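S.K.: Here's my sequence, what's the structure:
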Amino acid sequence: MSDSITIPDPDETPTDHLGDPDDFALDEWLEGADPTHRSVDVYAAGRMVAQRDDLERQIKAHEAPAVRALGGNPADDLRRQWRELTDKILASKLTVEIRALSKERIREVTEEYRKAHKIKDEWMPVGPRAMFDPIKMKKWDHEGQQQAAVLDAVVALVTRDGRRIEPAFRDAEQAQVFIDKIGPAQWSMVEQAFEDAVSKSPVIGVDFSPASSSDDDGEES
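M.R.: Sure, this is the predicted structure:
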């Protein structure tokens, strides 16, 4: 039994199946539209990561063939400690929600930062050599301006139990303490989330089936 073939109507335009354009209310669609938001998880229990690393090394050493040949599995207790430590780290999770900023808003934030820190426009590095001039870079304070833009883009902090803190920070001082506490590696993840919100289109329809998903600790489920 062969499948039936539908022959397109030569008088039908390619967009006829979309219906009457007048039936689409763009204003209603715009009311529910927002710039892209992205999120990233950070953890307060940074010190425990070193303990977790140590346990992983011990587990690997105990599972060496020469050790396992002695009988039993000496790594079982270490694995239990590893799971308990992992749970403690995950319990300290905080999700940072970031929104995309327009070019105009980024310009406003950076200009406000330069004005507050008395940074003159003529100090802006120009040309490939100037970009590597440490004195000019320090005066221009590119990192400080970028940090100001990212902080402006932070919409909220969400705790592991779903509590939403909005606005995210009480003031600039608390925001700086947050950056210092989570450390440069985790802050760079927040910065990357901002870059993704601004420059990457969201990919919708990713397969989150059990075969392709991962646990919070990065292991596939």
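
S.K.: need the helices for this protein, in chain order.
M.R.: Along the chain, the stretches classed as helices by DSSP state H are 26-31, 48-62, 65-68, 75-91, 103-116, 127-130, 134-140, 142-153, 172-199.

S.K.: could you give the mean pLDDT of the third one?
M.R.: Pointing back at helix 65-68 there. Mean per-residue pLDDT for helix 65-68: 64.

S.K.: Of the helices of the chain, flag the one that's most buried.
M.R.: Stretch with highest mean neighbour count among the helices of the chain: helix 142-153 (a mean of 18; mean count of other C-beta atoms under 10 Å). C-betas here are computed from N, CA, C, even on glycine.

S.K.: Which residues does that helix contact?
M.R.: 98-101, 105-106, 109-110, 112-114, 117, 125, 169, 172, 175, 179, 190-191, 194, 197 (C-beta atoms under 8 Å, 6 or more residues apart in numbering).

S.K.: thinking again about what came up before, can you tell which of the helices of the chain is closest to Arg38?
M.R.: helix 172-199 (4.4 Å; C-beta to C-beta).

S.K.: Show me what the closest one is packed up against.
M.R.: On a contact count with 3 or more C-beta pairs under 8 Å, 6 or more residues apart in numbering; DSSP states H and E, helix 172-199 meets strand 37-43, strand 93-99, helix 142-153.

S.K.: Tell me the gap between the first one and the middle of its chain.
M.R.: Put simply, strand 37-43 sits 4 Å off its chain's centre (C-alpha atoms, centre = their mean, to the nearest Å).

S.K.: Which strands or helices does it pack on?
M.R.: Contact here means 3+ C-beta pairs under 8 Å, 6+ apart; on that basis strand 37-43 packs against strand 93-99, helix 172-199.

S.K.: now with 10 Å?
M.R.: helix 75-91, strand 93-99, strand 154-159, helix 172-199 (3 or more C-beta pairs under 10 Å, 6 or more residues apart in numbering; DSSP states H and E).

S.K.: Now render the ones you listed as CSV, adding distance to Ala25 and mean pLDDT.
M.R.: Shown next, in CSV, are those (distance: least, C-beta to C-beta, whole Å; pLDDT from 0 to 100):
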stretch, distance to Ala25, mean pLDDT
helix 75-91, 44, 93
strand 93-99, 25, 97
strand 154-159, 27, 97
helix 172-199, 27, 96
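
S.K.: okay, the ones you listed in JSON lines with distance to Asp34 next?
M.R.: Listed next are the helices and strands packed on strand 37-43 as JSON lines, based on distance: least, C-beta to C-beta, whole Å:
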{"stretch": "helix 75-91", "distance to Asp34": "29"}
{"stretch": "strand 93-99", "distance to Asp34": "7"}
{"stretch": "strand 154-159", "distance to Asp34": "10"}
{"stretch": "helix 172-199", "distance to Asp34": "11"}
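
S.K.: closest to Met48 out of the ones you listed?
M.R.: helix 75-91 (5.2 Å).

S.K.: which residues are in contact with the closest one?
M.R.: Outside helix 75-91, the residues that touch it by C-beta atoms under 10 Å, 6 or more residues apart in numbering are 41, 43-49, 51-52, 54-64, 67-68, 73, 160-161, 215-217, 219.

S.K.: Try it again at 8 Å.
M.R.: 43, 45, 48-49, 51-52, 55-56, 58-59, 62-63, 160, 216-217.

S.K.: and if you look at stretch 156-176?
M.R.: By C-beta under 8 Å, 6+ apart, stretch 156-176 touches 39, 90-91, 93-97, 151, 154-155, 178.
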